[in-house]
Structure formats: C-alpha cells, structure tokens
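Asker: Need coordinates for the below:
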Amino acid sequence: MANKSIVQETFPVLGMSCASCSARVEKTLNHQSGVQKATVNYASAMATVEYDTRDCSPEALQQAVQNAGYDLLIKQDEDTPDELEQAHDKKYRALKFRTTWAIVLSVPIMVIGMFFMDMPYANLIMWLLSTPVVFWLGRSFFTSAWKQLKHGTANMDTLVANSTGIAYLFSLFNMLFPGFWLERGIHPHVYFEAASVIIAFILLGRLLEEKAKGNTSSAIKRLMGLQPKTVTVIDGSSSEKIVPIGQIRPGDIILVKPGERIAVDGTVTEGSSYVDESMLSGEPVAVAKQKDAKVFAGTINQKGSFRFSAEKVGTDTLLAKIIHMVQDAQGSKAPVQQLVDKIAGIFVPVIIGIAVLSFIAWMLLDGQSGFTHGLLALVTVLIIACPCALGLATPTAIMVGIGKGAERGILIKDAESLESAKKIDTVVLDKTGTVTEGKPVVGDLIWETQTAETGNIFYSLEKLSEHPLAEAVVRHLQDARSVSIDNFESITGRGVKGESNGKAYYAGNRKLL
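Answerer: Okay, the predicted model is just below:
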C-alpha cells in the first residue's frame, strides 16, 4: 500500500545564477532528513522534492536552502506564476540595460587596446571606461561570488569575478607603477579591455539565457490559457452571475454559451450542443453533448448552449492534470543530465585548481616574465570556463522539446522518453483525424436529379443544423442561395428535417433515410 505521508511538491528556487548553483541546491535538498528524492532544474528554476511529511516540512527545506545561500518559495497561491513572471521580466529588463551599456563602453576600450595603444592617455581612457563596466555593470558577479565565499562555496560567478578582478587590479597596478616592471626589463601591459569585454560577453550570454528561459514556459502558458478566467453560474433563483473560475465548487450549475470554452469538468444537465474536443482526443469532428454527457475543461463549445454541473474543479480537472504532467516532464532529467550534474558539482573548484597550477608552472618555468605570463594564463583559464552552456543546454533543450510537443498536442511523459525518441524510425497513427486538416470537407457530391431548387433547399437545411458535418456541406454549396425553411427539426444522431413550399425534406445518414 502506498505511503500516505510521502508527498511530491514543486517549489520555485530564487538566486541561482549557473548550473553549479542548481547542483548545490539539489545536493542540499537531498541531504535533508525525510527527503526521498529532490531534483532541481536550472532552466525552469524549479525544485521538485519528494519527502516524508513526518520527518520534513517545506519550512525545513526553505531553511536549508537559505543556509546554502539561495532561497525557496514555499508560500504559493494562484498569483505566484504571475509574480514569478513579473520578477523574470524585471530581471530581464535590468540585464538588458546592463548588457547594452557594457557593450557600448567595451567597444571603444577594445579599439584603443588593439589599435591605439600608443596614443596619449590611452591607459587612462581605458581605465575610466572599464571601471563602470567592471564594478557597476558587472557588480552582480562580485556580489554573488562574495555571497558564495561566505557560505564556503564557489560558482561560475566566482570564476568571472576572479578573472576580471585580477585582470583589472593587475592593469591598475601597471598603469600607476610602470617603473616596477621597467626596472626589471619588462614592458608593463594593461588588460582593461580583457576585463570589460569579458563582462560584456558574459552579460550577453546571461541575457540570451534569460530569453531562452522565458520562451520555454510559453507552452505551459498556452495550455493554461485554455481555461477561461471567468464563468457564468446559475444560482438558485435561475439568475446568471459571472464569477472568477477560482470560486467554482463541485455541484455549481454553469451556463456555456456558443463559442465559449468549458471551464471545469462536469456533466450536462440541460440543453445540447457539439463540443470540439480535439485538444484531448485529436479527433477533428465535434462531439454531440446531450443530458448526462461528460464535458471537460479547455474544450470549445460550438453553436448550441447548455448547462452542466461542475464535478472536478481546480487542480482536479483533466486539463490541470495535463498541465501538471507537462511541468513535471519539463523539470525531469534525461540520463545525459546526470553526467552534466556530476561535472557541474565539481567544475568550479577544479577550474580554480587548474588556473593556480598554470600560474605556478609559468612562474617556475619562465624566469623573467613568468609572473606576467602566469597571471595571463590564470585569467585565461578562469575566463574560458565561465560560459555556463554546460548546465543550461540540456535542461533548456528538454524544456523546449517538451513545450513544443505540448503546443502541438503531443504530450511527452519525461525527459528519458524524449532522449530515447531519437531512435524512432516509424510512427503508427490509429486516428485519421490526427493527420488531416482537422475539419471535415465534402470530397464529392453525387446528385440523382440536380436542380437549382434542390441545391438551394439542401443548402438551407444544412445551414440551420449545428452538426459539424453540416458546416462542411454548407462550405461546399457556398454558391447556393438561402430559401425559407419551415418547421425545421434536428433529429439527434440521424439528421435534419424541414419544409419548403409545403413539401417535407430530409437530410441525414442511412439510419434516417
């Protein structure tokens, strides 16, 4: 029997700036007592935790993550996704501002550093331009690195802060005290352009990264958009009242007008119509709904109107379960990701070690200019390791792949399925509706005796019908003109009947005829 005390919850993680951050948060969560399994997705900034409620609580998880230098959002309501999106937009705009100005200031520094090194005050101009880039536009790297240091850890920001900080301070020393090197027979070079261009490049990388993260959630937003925000409820006195969807409770009677989306799952109590359920079944032909028929959230009512009794609301609806499944799949990890996470966890300390070794090797093997070359080697190693593609590429690819699938009605259960999908060479479809245009079309029309009058009557009869196949006939006969039809009657599941000039006409399937 399943253990009732084990629950799985998803929490937004705040303050992560690279893949090694997500590896650290994941490790922290997995070390908490009562946690069965925790995974952190850097691309979606979400932690999925399976824990035993007897030994662990969201507050304990939050405290542990805060102690590691990050934060976990545990109090969530229906506005949380919007608040997170606003925070993401704010972050993106700030990043765009910093990136633009870093590039604007770095370009002249690069031009002077490469072509006009000997012009008067070249070093001073480069210093004046690079200082705001490093310490104002690139300050987030230093604050993040300091925060990590306080917790005894390091991340990609540590590499950026070290490399650009060392390059800047070394250049400042060379600019202020050139005599120190000239006495030793070494020309004092400055590397202001390296420090500022690196910050501009890495900010540009982060900007593209944020844009990618924003785009990946669009599929989920689209799925959520399938649910209307308000619904028309019929209260005890049979009067209509428009209420927010969050207030719907099981047993409420809801009115669905022509063209509206159905808000929650339920059963038809009164009226009839055809409902487009293609988002669930892939079948293009709308389904007839009579009394006692089941209807589902997100499907579209066509021409008729009906009332239904709400049964499953909120997170219990079929649509909510589909959204939850897609979110879970986007947060899951492909087998290749396990390897990436292992590397990300030890990546930064290993890189710092290699950088220090490079510096020592140059000092020992290149007597005269060993210090300069060693320092350059140290900065180079730190810089080359900075871009965080390692930890972002796989989760972003998974989120985009699963999101694109969801947009097109293909639901992928987890990242492992997506990874093994590359081996597929044959796809077998069991429904014709899946590979057609999604709306029925009349292929051919054979008349026994065709006159303009019979064409007009057939057209007018079908125009009054709500059946999706009748729409196809109307489209096919678009050149006919309407005539008046008396005593029109829809014969459920069979066809229609009407009178013209005192004569009865029927249009329908074999059962009717």
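
Asker: and S309, that one's in a strand?
Answerer: Yes. Assessed with DSSP: H, G, I helix; E, B strand; the rest coil, S309 lies in a strand.

Asker: burial of M175, as a residue count?
Answerer: 16 (other CB atoms under 10 Å). In this view, the C-beta of every residue, glycine as well, is placed from N, C-alpha and C.

Asker: what's the host helix or strand of it packed up against?
Answerer: Using DSSP states H and E, M175 sits in helix 156-176. Counting contacts by 3 or more CB pairs under 8 Å, 6 or more residues apart in numbering; DSSP states H and E, helix 156-176 is packed against helix 122-132, helix 139-150, helix 192-216, helix 335-365, helix 370-384.

Asker: mind listing what's buried in it?
Answerer: Within helix 156-176, the residues scored as buried using 16 or more other CB atoms under 10 Å are 156-168, 170-172, 174-175.

Asker: Measure how far the helix or strand just after it is from the centre of its chain, please.
Answerer: Per DSSP H and E, the first helix or strand lying C-terminal to helix 156-176 is helix 178-182. Its chain's C-alpha centre and that of helix 178-182 lie 54 Å apart, by CA atoms, centre = their mean, to the nearest Å.

Asker: Give me the buried positions along helix 178-182.
Answerer: So helix 178-182, judged by 16+ other CB under 10 Å, has buried residues W181.

Asker: Neighbours of E489, how many?
Answerer: 11.

Asker: cool, S358 as well?
Answerer: Neighbour tally, S358, other CB under 10 Å: 20.

Asker: Verify the stated contact: it with L376.
Answerer: No. Using CB atoms under 8 Å, S358 is not in contact with L376; the gap is 9.3 Å.

Asker: quick revisit: could you say which one of the helices and strands packed on helix 156-176 comes nearest to Y506?
Answerer: helix 192-216 (53.5 Å; CB to CB).

Asker: For the closest one, give the mean pLDDT please.
Answerer: What helix 192-216 shows for mean pLDDT is 79.

Asker: and what of stretch 288-299?
Answerer: 90.

Asker: ok, now stretch 13-23?
Answerer: 80.

Asker: Distance from that stretch to the middle of the chain?
Answerer: 17 Å.

Asker: Output the below-cut-off pLDDT ranges for the stretch 301-450 of the chain.
Answerer: 330-333, 337-338, 340-341, 344-345, 383, 385-395, 409, 431-438 (pLDDT under 70).

Asker: could I get the helices and strands packed on helix 156-176 as TSV with distance to L445?
Answerer: Output for these, formatted as TSV (distance: least, CB to CB, whole Å):
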stretch	distance to L445
helix 122-132	75
helix 139-150	68
helix 192-216	46
helix 335-365	55
helix 370-384	70
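
Asker: Go through the protein and flag its longest helix.
Answerer: Counting residues, the longest helix found in the chain (DSSP state H) is helix 80-115.

Asker: tell me what that one is packed against?
Answerer: helix 122-132, helix 192-216.

Asker: Centre of the chain to it, how far?
Answerer: That offset, for helix 80-115, works out to 22 Å (CA atoms, centre = their mean).

Asker: what's the answer for stretch 313-331, then?
Answerer: For stretch 313-331, the distance to the chain centre is 14 Å (CA atoms, centre = their mean).

Asker: buried set for it?
Answerer: 313, 317-320, 322-323, 325-331.

Asker: got the phi/psi numbers for I446?
Answerer: I446 adopts backbone torsions of phi -110, psi 120, taken as degrees, to the nearest 10.

Asker: Dump the buried residues of stretch 313-331 into a markdown table; add secondary structure as well.
Answerer: As requested, the buried residues of stretch 313-331 are exported to a markdown table (three-state DSSP):
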| residue | secondary structure |
| --- | --- |
| V313 | coil |
| T317 | coil |
| L318 | helix |
| L319 | helix |
| A320 | helix |
| I322 | helix |
| I323 | helix |
| M325 | helix |
| V326 | helix |
| Q327 | helix |
| D328 | helix |
| A329 | helix |
| Q330 | helix |
| G331 | helix |
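
Asker: Closest one of those residues to E283?
Answerer: L318 (15.4 Å).

Asker: Distance check, the closest residue to that closest one other than its chain neighbours against S278.
Answerer: Nearest non-adjacent residue to L318, counting by CB to CB, 6 or more residues apart in numbering: F296, 5.1 Å away. To S278, F296 is 12 Å away according to CB to CB, to the nearest Å.

Asker: could you list every residue that touches the nearest residue to L512 once chain neighbours are set aside?
Answerer: Closest residue to L512 apart from its sequence neighbours, by CB to CB, 6+ apart: R494 at 3.8 Å. By CB atoms under 8 Å, 6 or more residues apart in numbering, the contact set of R494 is G508, N509, K511, L512.
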